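Asks: just to be clear, the model below is a prediction. Sequence and coordinates:
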Amino acid sequence: MSRAPELIPSDRAPGLLLGESVELPESVEFGGNVVLHAGTRVGEWARLQDGCVIGKSVALGPRSSAAAGEAATTTIIGARTTIGAAAVVVAGAVVGERCVVADQAHVRERTEIGDESVVGRAASVENDVRVGSRVRMQTGAYVTAWSVVEDEVFIAPGVMLTNDPTAGRRPPGMELRGPTLRRGCRIGAGAVLLPGIEVGEDAFVAAGAVVTQDVPPGALVMGVPARVVP
Amino acid sequence: MSRAPELIPSDRAPGLLLGESVELPESVEFGGNVVLHAGTRVGEWARLQDGCVIGKSVALGPRSSAAAGEAATTTIIGARTTIGAAAVVVAGAVVGERCVVADQAHVRERTEIGDESVVGRAASVENDVRVGSRVRMQTGAYVTAWSVVEDEVFIAPGVMLTNDPTAGRRPPGMELRGPTLRRGCRIGAGAVLLPGIEVGEDAFVAAGAVVTQDVPPGALVMGVPARVVP
Amino acid sequence: MSRAPELIPSDRAPGLLLGESVELPESVEFGGNVVLHAGTRVGEWARLQDGCVIGKSVALGPRSSAAAGEAATTTIIGARTTIGAAAVVVAGAVVGERCVVADQAHVRERTEIGDESVVGRAASVENDVRVGSRVRMQTGAYVTAWSVVEDEVFIAPGVMLTNDPTAGRRPPGMELRGPTLRRGCRIGAGAVLLPGIEVGEDAFVAAGAVVTQDVPPGALVMGVPARVVP
């Protein structure tokens, strides 16, 4: 025998594989071939679509910075939340109630997502991110590790947040710092935000902007590099 | 028993799960763990690769605009079309003949794709899009809802089309409008197109451009914002 | 019977499907629903996470340029390498030792990846690419066909490399040429590199740059189009 995981086929749904001590109410709805690893807790009336994977262990590179945090093995999917087809939720993530983690999306360890938020199709929320409630992240958006995203923020398709000003050459002890997106701000399609940038409440970053400085509350910025439009 | 889908294991291929009344000719070729939901119609000699999911119900956020259309439950995959590994085709999509929906790509409800078109690896065509024939969309391209893409258009990797000038704050009744890409136009890698933009026949949008105005037929535009290059 | 692949269920792990003559040491660790096609060779202590697909045949469009190369049917995953959940490795790829091909990532035919390199979550390395050792490609990065990526290169999230100056209208016989990234260079988030560009050793391309000319060794470039910052 090779080293197989603790997964056991379940007759509750076609192709369902369950790890140990998975909490799974009767009201949960399944697609085919869902995989729930040990320590996953699913809320009432959640929907788990075809081929989604919840609670899998993180796959880190040999020199990844994400290993800094402690191991987290409980993964929580809130009540009435949908996890889309082929989506992956890594062990230790906490997803709130009435959320959608859309098809092919990805949520990583030690990240918490508030209620009624949407992680769009193929979007990614990395490790150690705080996401508020009613946040909408659209297709392919990338929220880097150690970002903060407050309530009602809107992140358009293809937005890239960054956290490493050295692009991979940090001296030992230097921490990564993602952007902070204040309540209700909006980030247009394809915008790039440099590490540690703060976008103020209700500010609007235009599509395609490259944001290199903090954006004041309520401001509109555009261009490369982004400047305030009076 | 929890709420399981109508999916039934089939001995026609390893790990195949089938919903009710799926049309599936003998000539179809399978990878492993394919899921075909109720109402899926697959054409002759189609290829369905490992872990692809066809006809799954849409996963919408609580305030998504996509719910506006009517439920569509027939999903059509044309003859000799390939659906790649881990690709997802949502219920109500219509994919033409001799197409490729590549690995990890995504096609949504009420979208129609013409013959011999390619949806590249991890590319996304959202709901209510009309895509012509011999269109090529490359890796990670994003074609937003309510776009029109005519025949022989070329969309390079990472292109982002947008449809919401308010970035998530539309007043009630305001419709979304995606770009219109006229026949044979070409959109370079990483370009961003603002909502409702029309790119004229045979026009060329350079890589990295942010297109904020209509592009005349045959024109070349580049830059941020994009300007016509004489 | 329809045309099913050669895949046979294996009792070595839950949901595992194996093609003919797969090399699979006892030390390999599995998630659920892994698919290994014929001709796959997996090294000792590799980890194959849930739903990954290795050695599947390529899905090409009718006019794809990738068909030019010869068929390659051996797919190699090096010792102690991790293949993430829902990742896809196409038949004929060679992945080195102690690598990570992260969740939902993609590696194509005739591409070779050196030891200890990371293909980030949902990143893509197309066909006929040479990737060195200790290379880090982050989330959603796209390395186009016929690129060269030397040792210790860093490619940030959402970077797009391109290889076709005609955007799909090449005359017969014209070859595609991807960028060449020299040893230790760094490409910032969301940057776009035009076809055939060379980025010199230890050079740094700023986030959001559109690189239209070669970048000298050690230089910093930024902007659209990218210019050297003295």
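Replies: Arrived safely. Bear in mind the structure is a predicted one, so any value in this text is a computation, not a measurement.
Asks: now do the contacts for residue A:169.
Replies: Shown in contact with residue A:169 (CB atoms under 8 Å, 6 or more residues apart in numbering or on different chains): C:154, C:186. For glycine as for every other residue, the C-beta is placed from the backbone atoms N, C-alpha and C.
Asks: helix or strand for it, which one?
Replies: Counting by DSSP states H and E, no helix or strand carries residue A:169.
Asks: against residue C:136, how distant is it?
Replies: Computed as CB to CB, to the nearest Å, the residue A:169 to residue C:136 distance reads 11 Å.
Asks: count of residues packed around the residue lying closest to residue A:7 once chain neighbours are set aside?
Replies: In this structure, residue A:7 finds its nearest non-sequential neighbour in residue A:17, 4.1 Å apart by CB to CB, 6 or more residues apart in numbering or on different chains. Residue A:17 has 25 neighbouring residues, counting by other CB atoms under 10 Å in any protein chain shown.
Asks: what's the neighbour count on the residue nearest to residue A:104 when sequence neighbours are not counted?
Replies: In space, and not counting its chain neighbours, residue A:104 is closest to residue A:122: 4.4 Å by CB to CB, 6+ apart. Residue A:122 sits with 31 neighbouring residues when counted by other CB under 10 Å.
Asks: now residue A:122. Its backbone dihedrals?
Replies: phi 60, psi 10 (degrees, to the nearest 10).
Asks: show me where chain A has helices.
Replies: With DSSP state H, there are no helices along chain A.
Asks: give the contact list for the residue most central in space within it.
Replies: With distances taken as CA atoms, centre = their mean, residue A:125 lies nearest the centre of chain A, 2.4 Å away. If you count contacts by CB under 8 Å, 6+ apart, residue A:125 has them with A:106, A:107, A:108, A:111, A:113, A:119, A:131, A:137, A:143.
Asks: what's across from it in the sheet?
Replies: Beta-bridge partners recorded for residue A:125 (DSSP bridges): residue A:107, residue A:143.
Asks: overlap of the contact sets of residue A:169 and residue C:136?
Replies: Joint contacts of residue A:169 and residue C:136 (CB under 8 Å, 6+ apart) are residue C:154.
Asks: pull the contacting residues for the residue nearest to residue A:121 when sequence neighbours are not counted.
Replies: Residue nearest to residue A:121 in three dimensions, not counting chain neighbours: residue A:102, with 4.3 Å by CB to CB, 6+ apart. Residue A:102 sits next to A:84, A:87, A:118, A:119, A:120, A:121, A:122, A:123, B:59 when contact means CB under 8 Å, 6+ apart.
Asks: out of those residues, which is nearest to chain C?
Replies: Relative to chain C, the closest of the contacts of residue A:102 is residue A:122; by CB to the nearest CB it sits at 6.5 Å.
Asks: please work out how many residues are found near the residue nearest to residue A:164 when sequence neighbours are not counted.
Replies: Closest residue to residue A:164 apart from its sequence neighbours, by CB to CB, 6+ apart: residue A:176 at 5.5 Å. When neighbours are counted by other CB under 10 Å, residue A:176 registers 21.
Asks: residue A:176 contacts residue A:170, doesn't it?
Replies: Yes - in this structure, residue A:176 is within contact of residue A:170 by CB atoms under 8 Å, at 7.4 Å.
Asks: now chain A, which segments are flagged as low pLDDT?
Replies: Chain A contains residues with pLDDT under 70 at A:1-5, A:61-72.
Asks: ok, now with 50
Replies: Within chain A, the ranges that satisfy pLDDT under 50 run A:1-2, A:68-70, A:72.
Asks: give the contact list for the residue lying closest to residue A:6 once chain neighbours are set aside.
Replies: Closest residue to residue A:6 apart from its sequence neighbours, by CB to CB, 6+ apart: residue A:19 at 5.0 Å. The contact partners of residue A:19, by CB under 8 Å, 6+ apart, come to A:5, A:6, A:7, A:8, A:36, A:37, A:38, A:39, A:40, A:55.
Asks: write the ChimeraX selection for whichever of those residues are buried.
Replies: Selecting only the buried entries of the contacts of residue A:19 in ChimeraX, with 16 or more other CB atoms under 10 Å in any protein chain shown as the criterion:
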select /A:5,7,36,37,38,39,40,55
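Asks: going by distance to chain C, which of the contacts of residue A:19 wins?
Replies: Among the contacts of residue A:19, residue A:7 lies closest to chain C (CB to the nearest CB), at 4.6 Å.
Asks: phi, psi of the closest one?
Replies: phi -70, psi 140.
Asks: from residue C:46, how far out is it?
Replies: Residue A:7 sits 18 Å away from residue C:46, taking CB to CB as the criterion.
Asks: what's the closest of the contacts of residue A:19 to residue B:216?
Replies: Nearest to residue B:216 among the contacts of residue A:19: residue A:55, at 52.9 Å, using CB to CB.
Asks: excluding sequence neighbours, find me the nearest residue to that closest one.
Replies: residue A:37 (3.4 Å).
Asks: show me the contacts for that neighbour.
Replies: A:5, A:6, A:7, A:19, A:22, A:53, A:54, A:55, A:56, A:57, A:75, A:91 are the contacts of residue A:37 under CB under 8 Å, 6+ apart.
Asks: who touches the residue nearest to residue A:164 in this structure?
Replies: A:65, A:144, A:145, A:146, A:163, A:164, A:170, A:195.
Asks: tell me how far the nearest residue to residue A:168 once chain neighbours are set aside lies from residue C:199.
Replies: Nearest residue to residue A:168, sequence neighbours excluded (CB to CB, 6+ apart): residue C:154, at 3.7 Å. Noted for residue C:154: a distance of 11 Å to residue C:199, by CB to CB.
Asks: how much space separates residue A:55 from residue A:95?
Replies: 11 Å.
Asks: mind listing the shared neighbours of the two?
Replies: Contacts common to residue A:55 and residue A:95, judged by CB under 8 Å, 6+ apart, are residue A:89.
Asks: circling back: any idea what the residue nearest to residue A:7 is bridged to?
Replies: For residue A:17, the beta-bridge partners are residue A:9, residue A:35 (DSSP bridges).
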